[in-house]
Structure formats: structure tokens, C-alpha cells
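Chemist: I would like to see how this sequence folds:
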Amino acid sequence: MRKSKAVRSLYGHVMHELGQRIVSGKVKPGDVLPREETLAQSLEVSRTALREALKVLSAKGLIESRTGVGARVLEERHWNQLDADVLAWRCASMPTDDFVDKLVEMREIIEPAAAASAARRRTSAQLVQIEKSFRAMEAAQTLEAWTEADLQFHDAVLQATCNELLQSLFSVVESSLGTFFTLSARNVRDFKYSLPHHQKVLDAIRRKQPEAARKAMLTMIADSHASLQRNRKRAQKG
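Modeler: The predicted structure is shown next:
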């Protein structure tokens, strides 16, 4: 049993190491990974742990293994972009402007509709969770505490849709949203600048006003994106 746990721990480490190299572009599509024996030695792991890691990366669409050829890195179009690990690796290598823009587009499609759905279907207990997250945002004294509470707020809204498919989305995009919230709040004078937008979403859901909730969420996302774009232009000028 101990050996099994050790192998799982090692292959998890190897999977993350190789996954980050691929997603960050250090290893590019079309590249063939070193031979199994060489790669295992360089990573200081057993070939068993390496094989397990490669199986997982293959399942995520990052590589394909061919007999006599080895493991080859696939083009991005084959990657499971909504896989939690793939998203986390993209965030760890700092999101490019293009990735942030695509994340914003995804949020614009999903979250306003989710807010409207939450306004229609939320239970009293679910409303309490949204309110609790909002109060935590109000009370946050650090950027880290703010980001955590912000994530909880958006998760609570998705949970209030009473749609298990929408609810599952949060666990998929959590790391990306966390990075987005941190980036959008980091370079502003007051990281709580978006609190009024959250208040409007909360009020609309409390009053069971779907259209008002949808518009408030859309405005919140647009405002965060605009803040990021302003910071991007300042950085370019600097």
C-alpha cells in the first residue's frame, strides 16, 4: 500500500512538471519527449511513475504515445482546455492577454445567464451563502482574502442555479477565475472597487429579478475586463 501511494505521489509530481513545461511552451507541439529511460533519470523517478504520468497527460490531450516513436506533444487544439490541471498550468505560467480575453468571453457567456437562473431558482439557504460571501468581501483586509471571498461569491451564484452542470463548472475554472480576480484587483487603488457590482447582483438575486441579475453580472465582468485593459496599457507605456 505504501508503495502504491508513493508511486501516485511521484507520478502526480511528474505529471505537473511535464504539464507545466508543455502548457507554458517550454516544450512545443510536435516535440518528441526524451526516451523513457532518459526522461525518468532526468526527473529522478521510476519508469513506473513516469508511465503513469504520461498516461494522464495523454488523457488530457497534451501528448500521444506511439510505439517506436515515443511521446509527442500535441497541438493546442487537442488539449482539454477545461481540464482543471490544464487551466491551472496556464495560470501558473501567467495568462497571456489572449488567454485573459478568452476567459472574459467565456464568463460573459456563462455567468450572466447563471445569475439570471439563480434569481429564478435560488433557495433561502442558497441566498444566505451568496450574502455570506458578499459580507466576507466587504470585510476583506487583504487581496488574498478578497480573492477567496470573490471566488466563494461566484461559486455560490452557480450553486443557486440548481443546475448540476452549471454547478460543476466552478471546480473546472476555479484556478483561472482566481488568477483573473487577483489580476483585476491587484493594480487598482482599492481592490474592493467592484463591490458595488457584486451588491447589485446580490440584490437582484434576493429580489428574484432575473433580468436585473443578468445585466448586473454582465456589467461586473465588463468592468473587470476594462480595468485589466487599462493596466495593460499602463504597463505598455511604462
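
Chemist: use CA for all of it now, contacts and neighbours both
Modeler: Will do.

Chemist: Run through the protein and note the low-pLDDT ranges.
Modeler: Scanning the chain for pLDDT under 70 picks out the ranges 1-8, 94-96, 187-188, 234-238.

Chemist: Let me see the ranges of the helices in it.
Modeler: Ranges of helices in the chain, per DSSP state H, are 2-24, 36-43, 47-59, 84-92, 97-121, 124-139, 143-159, 164-186, 195-206, 210-237.

Chemist: nearest to Arg72, of the ones you listed?
Modeler: The minimum distance between Arg72 and the helices of the chain falls on helix 47-59, with 9.7 Å, by Cα to Cα.

Chemist: Could you pull out the buried residues of that closest one?
Modeler: Neighbour-count burial for helix 47-59 flags 47, 49-58 (criterion: 16 or more other Cα atoms under 10 Å).

Chemist: One more: stretch 116-136?
Modeler: Buried residues in stretch 116-136 (16+ other Cα under 10 Å): 116-122, 126-127, 129-134, 136.

Chemist: For the buried residues of helix 47-59, give me a markdown table that also has distance to Lys215.
Modeler: Shown next, in a markdown table, are the buried residues of helix 47-59 (distance: Cα to Cα, whole Å):
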| residue | distance to Lys215 |
| --- | --- |
| Arg47 | 53 |
| Ala49 | 49 |
| Leu50 | 49 |
| Arg51 | 49 |
| Glu52 | 46 |
| Ala53 | 44 |
| Leu54 | 44 |
| Lys55 | 44 |
| Val56 | 40 |
| Leu57 | 39 |
| Ser58 | 40 |
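
Chemist: quick one on the thing from earlier: out of the buried residues of stretch 116-136, which comes closest to Gly178?
Modeler: Distances from Gly178 to the buried residues of stretch 116-136, taken by Cα to Cα, are shortest for Ser133, at 14.7 Å.

Chemist: Understood, closing this out.
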